[in-house]
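Peer 1: missing the sequence, but the structure's below:
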């Protein structure tokens with residue numbers, strides 16, 4: 001294991017974009033098994049090569065800029081998925097969106113009709129919890 005640490009010393013390593021590329025690689029590899037989609041295996045190989053190139057790169061500035069651009073594009077989708085997971089797993093609270101600013105607000109379940117005050121914009125509205 002020490003040889004891996006020594007080899008990766010001074011290299012960029014994995015980030016969110018690298019992990020996304022690895023997931024894309026696996027999906028493309030699985031799809032390439034379907035009839036008439038054999039070319040996808042070559043595309044998957046290119047994606048894997050790009051991911052490894054990024055991980056073993058010594059150009060921190062460029063890799064960080066690439067990851068920042070990726071997060072700017074994928075950030076809203078990632079936040080939406082995380083919020084959906086939170087809403088589905090939290091059975092003690094109800095989640096509402098503020099009609100004015102769109103902020104998610106959490107209130108306890110089973111309190112009946114309540115007035116919710118948004119912390120971001122200060123708007124009050126009634127909801128049933």
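Peer 2: Perfect, thanks for sending it. This is a predicted model, so every value here is computed, not measured. Numbers count the residues shown, from 1 in each chain.

Peer 1: what about residue 106, which helix or strand?
Peer 2: strand 104-108 (DSSP states H and E).

Peer 1: and that strand, what other elements does it pack with?
Peer 2: The contact analysis (3 or more CB pairs under 8 Å, 6 or more residues apart in numbering; DSSP states H and E) places strand 104-108 against strand 93-97, strand 113-117. Any C-beta I mention is one placed from the backbone N, CA and C, and that applies to glycine too.

Peer 1: just the helices in the protein please.
Peer 2: Using DSSP state H, the helices of the chain run over 2-8, 16-31, 39-56, 60-89.

Peer 1: from the centroid of this protein, which residue is nearest?
Peer 2: Residue closest to the average C-alpha location in the chain (CA atoms, centre = their mean): residue 78, at 3.3 Å.

Peer 1: quick one on the thing from earlier: closest one to residue 123 among the helices of the chain?
Peer 2: When the helices of the chain are compared by CB to CB, helix 60-89 sits nearest residue 123, at 19.7 Å.

Peer 1: what angle separates that closest one from strand 93-97?
Peer 2: Interaxial angle of helix 60-89 relative to strand 93-97 (axes from the mean of the first three to the mean of the last three CA atoms, to 10 degrees): 120 degrees.

Peer 1: relative orientation of helix 60-89 and strand 104-108 in degrees?
Peer 2: Relative orientation of helix 60-89 and strand 104-108, computed by the same axes, to 10 degrees: 30 degrees.
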